[in-house]
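S.K.: next input, structure requested:
(one chain, ligands or ions: 1)
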Amino acid sequence: MNKSEIKERIEQLSTSLRQHNYNYYVLSAPSISDFDFDHLLKELEQLEAAHPEFAEENSPTKRVGGDITKKFDTVVHEYPMLSLSNSYSQEEIVEWETRIHKLSATTPTYVCELKYDGVAIGIRYENGKLKQAVTRGDGTKGEDVTTNVRTIKTIPLQLKGNFPEKFEIRGEIFFPLTNFNRLNELKEELGEDLYANPRNTASGTLKLQNSSVVAERGLDCYLYGVYGESLVAQSHSQAVTNAGRWGFKTPDPTKNMITTCTTIDEIMTFINYWDKERGNLPFEIDGIVIKVDNYIQQDDLGSTAKSPRWAIAYKFKAERVETTLNEVTYQVGRTGAITPVANLEPVLLAGTKVKRASLHNADQIAKLDLHEHDSVYVEKGGEIIPKIIAVNFDKRQQGADPVEFIENCPECNTELVRKEGEAHHYCPNFVGCATQIKARIEHFISRKAMDIDGLGPETIDLLFKQGLIENYADLYLLTFQDIVELERMADKSANNAIKSITESKNIPFESVLFALGIRYVGETVAKILAKHIKNIEALIAADFDTLINVEEIGDKIAQSIILFFESQTNREIIGRLKEYGLSFEMIVAEDASDLLIDKTFVISGVFEKVSRKELKELIEKNGGKNTGSISAKTNYLVAGEKMGPAKLAKATDLGVKIISEDEFLAMIS
Ligand code: IVH
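M.R.: Numbering: from 1, shown residues only. Next up, the predicted model:
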């Protein structure tokens, strides 16, 4: 190719990739396979690397982040970023509508929209190119977070169609719930404090210095307003429709996410619909915004210093109830972590009876200033377990003592420790604390670990009490007689348990590694370790540097692995397990390939040619990854018969590629 051909090819590739990105992320309607997309992207990357003079600043290759912002510059908003007047009462919405109606020469048309619970952003475009993205700040000036905003896939870097030369678009950046929950699952595995809610986390994420971390987290953005000198629209609804045509993610009227109407009844119908349905959205909203549609009417109505008169927000009441704290109890986990639990006077919240709420750790108790028998407010946000929001101090009983975090293990009485920088207190009696030992055995036999059936927590407790098991290796010495003699144990169940223990010797190394219960080594980390370090001897011998050189293994995990294998007791137990025939080595299948490397799959339904289990094995054998639930990171949903409708809807929503069993088999053939 000569120079001009190369330039042309770069332009062609950029335009085509931009359109595919738009179809995938904004429309959730992919128009090309991931494989072909990656192929085009690679071609563009190579051409740009060889000919940097033709590389565009907004090229589709520049989406993964990597730029670091040391300090976010302050920027004065060209149009002040006002807020909305809020109301929790439907009567006030009626009053507002009546007032607007009276002030208007003609019957006003309203637009009802969702009030996205995220962070406001103003993004300036010039000649169709993203120039600058600024947070709301104090409304007059905000912070320049352009580098981070550029990594959000639904925000176009280059517009298409008939856009104005210069304008600003405003919208809300938010954390989709699947991505937020995934982030918290990771925190949980690491034993760290969880992020409190998607909104604050979205806001924190936007201010991260490393934009590649922002890119990974998967923020999203809906647009709700266009500002500029020449806007080529007469009304808000028109502007939003236009913005959709330029490539922005805008609310979908066919899903009732936005509607135009003229009467208060229609406004109320919209409000009530979403008050009921908001739990089914893949992101959080905290209310409904009602706007006068016509720009001239908006101008006539004007704004106060703080908020426009032409719009109002109806806020949903957070589902919150008040109840009494009966007592705080403490749970000991298998790693020795102590979790305080609030035992509450049972109360109905969002349709379920709540008796307990997590208090997380000592800092949380102190922050709430929790006293014994306090009356507390409990809230349920999204899919997160109920939590205590605050104490009703007016109802505090005179002379009530503050809740004091325990100093000794509630199970073995050992003095608790709390290391600097850690959120949790720990019981350090790893080898002697009965609760920890039993919890470790329960973890060992759990489905995702050694998958041993027939031994519930009560049986484990009995076996332990009778001195038949002291650690998980002892399970392999149990006889039919040992089990059948336990209380309430029938022949059949005892047989099953023994059979299941024997069968567990075939469980692959990665699951055995997970079963060992090394702190911070969850299912995912165990898989990564097994894949890279291959066998237990190498893992025991691995030093800190070797470990942190493995992808996704950080300091904390590495230290924990080293600590685990430093223990003579642990090494002895592993030696015995090896003797009993458990797999401590990664078996590489002969027909393995890396055809599906870096691809994440979800399978759903039943299949004709292969079983679900075989399908999963095929995915892993070829380098792919299986996950149970669909998220923005899922590449393919392999759909069988009788697939769950929820999975299908979610995949369609997120634009995950749905393939049949045959299509999958063709991919690896
Ligand atoms: S319109 C001048 N529409 O709510 C009013 N705001 O207090 C401009 N928000 O800071 C805002 N969803 O971040 C508008 N559909 C929506 C919205 C919305 C969420 C946020 C926005 C603003 C706050 C208002």
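S.K.: show me where the stretch 501-650 of the chain has strands.
M.R.: Here the stretch 501-650 of the chain has its strands, by DSSP state E, counting those that start in this stretch, at 600-604, 625-626, 636-639.
S.K.: make a markdown table out of these and add mean pLDDT, mean neighbour count and distance to the ligand.
M.R.: All C-beta atoms are positioned from the backbone trio N, CA, C, and that covers glycine. Shown next, in a markdown table, are those (pLDDT from 0 to 100; neighbours: other Cβ atoms under 10 Å; distance: least, Cβ to the nearest ligand atom, whole Å):
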| stretch | mean pLDDT | mean neighbour count | distance to the ligand |
| --- | --- | --- | --- |
| strand 600-604 | 89 | 21 | 31 |
| strand 625-626 | 85 | 16 | 35 |
| strand 636-639 | 92 | 23 | 30 |
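S.K.: what's the nearest residue to T459 if we skip its chain neighbours?
M.R.: L486 (6.4 Å; Cβ to Cβ, 6 or more residues apart in numbering).
S.K.: quick one, phi/psi of that neighbour?
M.R.: phi -70, psi 160 (degrees, to the nearest 10).
S.K.: got a list of what it touches?
M.R.: Shown in contact with L486 (Cβ atoms under 8 Å, 6 or more residues apart in numbering): T459, L462, L463, Q466.
S.K.: same question for D193.
M.R.: Residues near D193 by Cβ under 8 Å, 6+ apart: K187, H360, N361, A423.
S.K.: any chance of CSV for these, columns pLDDT?
M.R.: Listed next are these as CSV, based on pLDDT from 0 to 100:
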residue, pLDDT
K187, 81
H360, 87
N361, 92
A423, 86
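S.K.: just the buried residues from those, in PyMOL please.
M.R.: Listed next is the PyMOL selection for buried residues among the contacts of D193, using 16 or more other Cβ atoms under 10 Å:
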select buried, resi 360+361+423
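S.K.: distance to V240 and secondary structure added to the contacts of D193, as CSV?
M.R.: Below are the contacts of D193 laid out as CSV (distance: Cβ to Cβ, whole Å; DSSP: H, G, I helix; E, B strand; the rest coil):
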residue, distance to V240, secondary structure
K187, 36, helix
H360, 41, coil
N361, 44, coil
A423, 43, coil
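S.K.: and what about the spatially most distant residue from the centre of the chain, helix, strand or coil?
M.R.: Largest separation from the mean C-alpha position in the chain: A105, at 48.1 Å (Cα atoms, centre = their mean). Three-state call for A105 (DSSP: H, G, I helix; E, B strand; the rest coil): coil.
S.K.: and it, how far from the ligand?
M.R.: Remark: distance between A105 and the ligand (Cβ to the nearest ligand atom, to the nearest Å) = 23 Å.
S.K.: one more: I288?
M.R.: 8 Å.
S.K.: apart from its chain neighbours, what residue comes closest to the residue of the stretch 301-450 of the chain found nearest the ligand?
M.R.: Across the stretch 301-450 of the chain, no residue is closer to the ligand than P308, which sits at 4.7 Å (Cβ to the nearest ligand atom). Leaving aside its sequence neighbours, P308 sits nearest to L82 (Cβ to Cβ, 6+ apart; 5.9 Å).
S.K.: and E277, how far is that from E172?
M.R.: According to Cβ to Cβ, to the nearest Å, E277 and E172 sit 19 Å apart.
S.K.: model confidence for the closest residue to the ligand within the stretch 251-400 of the chain, exactly?
M.R.: Residue nearest to the ligand within the stretch 251-400 of the chain (Cβ to the nearest ligand atom): V289, separated by 4.2 Å. Looking at V289, its pLDDT reads 98.
S.K.: who does the helix or strand where it lies pair up with?
M.R.: V289 is part of strand 285-292 when elements are defined by DSSP states H and E. Applying DSSP bridges, strand 285-292 is found paired with strand 110-116 (antiparallel), strand 311-315 (antiparallel).
S.K.: hmm, the longest one in reach of the ligand?
M.R.: Yes. Strand 110-116 comes into contact with the ligand (Cβ under 6 Å from any ligand atom), by way of E113, K115, Y116.
S.K.: surely the last one is in contact with D220?
M.R.: No. Taking Cβ atoms under 8 Å as the contact criterion, Y116 and D220 are not neighbours in contact, 9.4 Å apart.
S.K.: what touches both of those two?
M.R.: Common contact partners of Y116 and D220 (Cβ under 8 Å, 6+ apart): F174, F283.
S.K.: before we move on, back to that, contacting residues around the residue of the stretch 251-400 of the chain closest to the ligand?
M.R.: Contact analysis of V289 by Cβ under 8 Å, 6+ apart lists L84, C112, E113, L114, K115, Y224, A311, I312, A313, Y314.
S.K.: again with K153
M.R.: Per Cβ under 8 Å, 6+ apart, neighbours of K153: N21, Y25, R63, D220.
S.K.: and it, how far from Y195?
M.R.: Distance check for K153 against Y195: by Cβ to Cβ, it reads 21 Å.
S.K.: over to A29?
M.R.: Counting by Cβ to Cβ, the gap from A29 to Y195 is 31 Å.
S.K.: among these two, which residue is more densely surrounded?
M.R.: Taking neighbours as other Cβ atoms under 10 Å, A29 and Y195 compare with Y195 leading, 18 against 10.
S.K.: what kind of secondary structure is the residue lying closest to the more buried one once chain neighbours are set aside in?
M.R.: If the residues on either side of it in the chain are set aside, Y195 comes closest to T201, at 4.4 Å by Cβ to Cβ, 6+ apart. Put simply, T201 is helix when judged by three-state DSSP.
S.K.: show me the shaky parts of this structure.
M.R.: 191, 350-352, 381-384 (pLDDT under 70).
S.K.: circling back to that earlier point, settle it for me: which of E277 and E172 has more neighbours?
M.R.: Higher neighbour count among E277 and E172: E172, with 21 against 11, using other Cβ under 10 Å.
S.K.: so that one sits against Y116, correct?
M.R.: Yes. Applying Cβ under 8 Å, one finds E172 in contact with Y116, separated by 3.8 Å.
S.K.: touching both of these two, which residues are there?
M.R.: Y222, Y224.
S.K.: count the neighbours of K613 for me.
M.R.: K613 is flanked by 8 other residues according to other Cβ under 10 Å.
S.K.: got the contact list for it?
M.R.: With Cβ under 8 Å, 6+ apart, K613 has no contacts at all.
S.K.: with L348 instead?
M.R.: Remark: with contacts taken as Cβ under 8 Å, 6+ apart, L348 is in contact with V321, V354.
S.K.: just I573 next, same as before
M.R.: Contacts of I573 by Cβ under 8 Å, 6+ apart are N471, Y472, A473.
S.K.: ok, now with 6 Å
M.R.: N471, A473 (Cβ atoms under 6 Å, 6 or more residues apart in numbering).
S.K.: how close does it get to A526?
M.R.: In terms of Cβ to Cβ, I573 sits 17 Å off from A526.
S.K.: kindly report the same for K255.
M.R.: Distance, K255 to A526, using Cβ to Cβ: 40 Å.
S.K.: for the ligand, what are the nearby residues on the stretch 151-300 of the chain?
M.R.: Residues of the stretch 151-300 of the chain lying near the ligand (Cβ under 6 Å from any ligand atom): E172, Y224, G225, V289.
S.K.: picking that back up, buried subset of the contacts of L486?
M.R.: For these, a neighbour count by 16+ other Cβ under 10 Å gives the buried set as T459, L462, L463.
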